[in-house]
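Student: The following block contains a protein sequence and its predicted model.
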There are 2 protein chains.
Amino acid sequence: MTGYIVDYLMGNARVLEAAGRLGSFSAAAAELGMTQPAVSQQIGHIERVVGMPLFMRRHRGVALNEVGRTLVAAASEARATIRTALEQATAVSRDRVLNVLTDYGFAANWLISRLPDFEKICPGIKIQILTTQALQAQPPLGITADVSILFEAAVRKSGENRITLFEEEVYPVCSPAYARTHGPFTTLADLGRAHLLHLNGHENLWFTWTDWFARMDPDPSVRGSQQTARFRAFGNYPLLLQSAMQGEGIALGWRPLVDTCLESGVLVKVWQKPLRSRRGYVLTAHTPRSSQAELFCDWLVNLSRMSI
Amino acid sequence: MTGYIVDYLMGNARVLEAAGRLGSFSAAAAELGMTQPAVSQQIGHIERVVGMPLFMRRHRGVALNEVGRTLVAAASEARATIRTALEQATAVSRDRVLNVLTDYGFAANWLISRLPDFEKICPGIKIQILTTQALQAQPPLGITADVSILFEAAVRKSGENRITLFEEEVYPVCSPAYARTHGPFTTLADLGRAHLLHLNGHENLWFTWTDWFARMDPDPSVRGSQQTARFRAFGNYPLLLQSAMQGEGIALGWRPLVDTCLESGVLVKVWQKPLRSRRGYVLTAHTPRSSQAELFCDWLVNLSRMSI
DNA sequence: ATCCTGTCATAATTATTAATTATACCACCC
DNA sequence: GGGTGGTATAATTAATAATTATGACAGGAT
């Protein structure tokens, strides 16, 4: 019962405060952009739930009585409390950038296209992406990353500030046109005769075509299948994917990175069985206490789960 | 724009607080006696107006993020502020009686019948009426009156804590039956032959029939008109009025005291021209800082103006 | 693996609450 | 005694919030 009164007052604190301060319902209505009867009725309702008058009706305007003064003061204080907290909450996420460290492929083929969505949910948080190609990923000197999304050994249990977003999952992909003209690829030998697009320089972190053939068919007798393949090498993954989309050959497609291309039909799988590993994209929060980092990580985790 | 957000949060602080504290929308809904979708939608709306998520959606239930914690803490604090003020405001008017000093006539014939209305407007304020018959009105020993309504010299300008509620105004009145059988009373002589009901013991404060005849017709030649009148005396005014209502004669009717009787037709005026003076019922607030006294006086003044 | 369970999200409808327009009323001041 | 500047009330309309019904999801149990 008294609880209801508290919350009713909370909701109408604005009107109460204005009427008390200005000593006039009409003036309060004008200030709040509403009509005088609206204010009159709200105050009347407040007085009814409180159980006693708060204003003394004078010839021109109104004046607070003792009880009214108490409640108006409390209402002002309560509003100030909320306003301060709100300013603090929004200030903490304004004019500060969140530094995200990740690799070029993840940034270009997954993250960037989804950032506008985050911008919409959390306006005012600026994301700065730092990309690295190095194995031992380090942000540029003088800048510390708040969160990183790096391809490394997957963490099994979501720890304090580390969680695996995507476990590694690889399919050979190419453009529909290439599949039509050079396919179908039903055996490993079919693939061995195709144009295989290759990523240079990261052989001990990322799967190569050699790895793929080896794991798909561990039988050494057939191991020669890719001998006749024509390789073409690229320096980074987006470039390689671009080439595949233009129908220049077959690429190894990493799961989250090629998802949008597969959905839009720009690329197609040519081999259904995925190649999996114990590695994956791992999200690490280096400044987990930061509210921007918290919001960004929460958004990322939700998004990754939705797209599995 | 931020103003709207503040007031929206004020209005929904209850839901925000419960959801944050319990870590579950369903539990919050149960506690607040509403349905889960209602809570879900309210929180969703809050997050939209704030511009960023406040809760992290977990498998079972939800958890506050940094921004959410800030706002929930502020919401709790704001509600506590209002609650405290409200308890203070209601406590000040509970378990304390307001001592009202007045005379027996005013209490019996005007105040008492209107007290239930005040009780309805300000529940919890107990009115204790102290009546006096003495000229120099003093409350009983050991009790101090918070407000007094006494018949005395009228104050012309509403001072700090004194105001004239009713100026003296006197009409001869009797029951309709008496007027029918003994009337009409068109001249002073008609009245002089009637049964005149008289109040004993207050001759220098209240008008007597002698005063009335003297003021109505200052011409000394006709002054003998009431010589033949039959007087009957009473110890207090309500008793006298009771007698008049039963058709036993004509009473001097004081304005506010006989109003209800005149309206209901139990009594009728037998002489239109009123007798006025510079005296009247004066309201004095002896403890003007008390909120009960303030509420009571405000109510009294409004009521007296309405019934003029 | 697959079902089961407890939770949040969403859509459409209904119910409740608040605001508006129009009007009455009241008290002072000229 | 009207004019003026304020509040109160009634009836209607507009806006907001709650409900019911349903879907989706993640984890634990079988």
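Tutor: That came in fine, so what should we check first?

Student: Look up how far B:Gly11 lies from A:Val49.
Tutor: Relative to B:Gly11, A:Val49 is positioned 15 Å away (Cβ to Cβ, to the nearest Å). All C-beta atoms are positioned from the backbone trio N, CA, C, and that covers glycine.

Student: higher neighbour count, these two?
Tutor: For A:Val49 versus B:Gly11, neighbours defined as other Cβ atoms under 10 Å in any protein chain shown are more numerous around B:Gly11 (18 against 15).

Student: Any figure for the gap between that one and B:Tyr4?
Tutor: Counting by Cβ to Cβ, the gap from B:Gly11 to B:Tyr4 is 11 Å.

Student: Could I get the full set of helices for the stretch 201-308 of chain A?
Tutor: A:209-216, A:237-245, A:255-264, A:291-306 (DSSP state H, counting those that start in this stretch).

Student: Next, the angle helix A:255-264 makes with the second one.
Tutor: With axes from the mean of the first three to the mean of the last three Cα atoms, to 10 degrees as the criterion, the two stretches helix A:237-245 and helix A:255-264 enclose an angle of 30 degrees.

Student: Against which helices or strands is helix A:237-245 packed?
Tutor: For helix A:237-245, the packing partners by 3 or more Cβ pairs under 8 Å, 6 or more residues apart in numbering or on different chains; DSSP states H and E come out as helix A:104-106, strand A:195-199, strand A:230-234, strand A:251-254, helix A:255-264.

Student: now with 10 Å?
Tutor: Secondary-structure packing of helix A:237-245 (3 or more Cβ pairs under 10 Å, 6 or more residues apart in numbering or on different chains; DSSP states H and E): helix A:104-106, strand A:162-174, helix A:176-182, strand A:195-199, strand A:230-234, strand A:251-254, helix A:255-264.

Student: Single out the most deeply packed of those.
Tutor: strand A:251-254 (a mean of 26; mean count of other Cβ atoms under 10 Å in any protein chain shown).

Student: confidence score at A:Val155?
Tutor: On the pLDDT scale, A:Val155 is placed at 75.

Student: same thing with the one 3 residues further on?
Tutor: According to the predicted model, the pLDDT of A:Ser158 comes to 63.

Student: Next: A:Gly224.
Tutor: pLDDT at A:Gly224 comes out at 55.

Student: same thing with A:Thr84?
Tutor: 87.

Student: so what's A:His195 closest to, chain neighbours aside?
Tutor: Using Cβ to Cβ, 6 or more residues apart in numbering or on different chains and skipping the chain neighbours, the partner closest in space to A:His195 is A:Gly249 (3.2 Å).

Student: who's in contact with the one you found?
Tutor: A:174-175, A:178, A:182, A:194-198, A:229-232, A:240, A:243 (Cβ atoms under 10 Å, 6 or more residues apart in numbering or on different chains).

Student: cool, A:Met56 as well?
Tutor: Here A:Met56 is in contact with A:Val62, A:Ala63, A:Leu64, A:Asn65, A:Gly68, B:Glu294, B:Leu295, B:Cys297, B:Asp298, B:Trp299, B:Val301, B:Asn302 (criterion: Cβ under 10 Å, 6+ apart).

Student: The same query, at a cut-off of 7 Å, please.
Tutor: For A:Met56, the contacting residues are A:Val62, A:Ala63, A:Asn65, B:Asp298, by Cβ atoms under 7 Å, 6 or more residues apart in numbering or on different chains.

Student: The last one and A:Tyr178, how far apart?
Tutor: Yep, that's B:Asp298 we're talking about. Counting by Cβ to Cβ, the gap from B:Asp298 to A:Tyr178 is 89 Å.

Student: where does chain A have low pLDDT?
Tutor: Along chain A, the model assigns pLDDT under 70 to residues A:1, A:95, A:133-143, A:156-160, A:218-229, A:307-308.

Student: Skip the chain neighbours and tell me the closest residue to A:Ala78.
Tutor: B:Ala78 (3.8 Å).

Student: Please identify the helix or strand for the one you found.
Tutor: Using DSSP states H and E, B:Ala78 falls within helix B:66-91.

Student: tell me which residues of that helix are tucked away?
Tutor: Buried residues in helix B:66-91, defined by neighbour count with 16 or more other Cβ atoms under 10 Å in any protein chain shown: B:66-72, B:74-79, B:81-83, B:85-86, B:89-90.

Student: could you check the angle helix A:291-306 makes with that helix?
Tutor: Helix B:66-91 runs at 110 degrees relative to helix A:291-306, counting by the same axes, to 10 degrees.

Student: Write out the residues of the stretch 51-200 of chain A neighbouring chain B.
Tutor: Taking Cβ under 7 Å from any Cβ of the partner chain as the contact definition, the stretch 51-200 of chain A meets chain B at A:51-53, A:56-57, A:65-67, A:70-71, A:74-75, A:77-79, A:81-83, A:85-86, A:88-89, A:93, A:121-124.

Student: which among these are in contact with DNA strand C?
Tutor: The overlap between these and the neighbours of DNA strand C (Cβ under 7 Å from any atom of the strand) is empty.

Student: out of the contacts of A:Gly249, who's nearest chain B?
Tutor: Minimum distance to chain B across the contacts of A:Gly249 is 35.9 Å, recorded for A:Leu240 (Cβ to the nearest Cβ).

Student: can you pull the contacts of the nearest residue to that closest one once chain neighbours are set aside?
Tutor: Leaving aside its chain neighbours, A:Leu240 sits nearest to A:Phe234 (3.9 Å; criterion: Cβ to Cβ, 6+ apart). Taking Cβ under 7 Å, 6+ apart as the criterion, A:Phe234 is in contact with A:Leu197, A:Leu199, A:Asn200, A:Leu240, A:Ser243.
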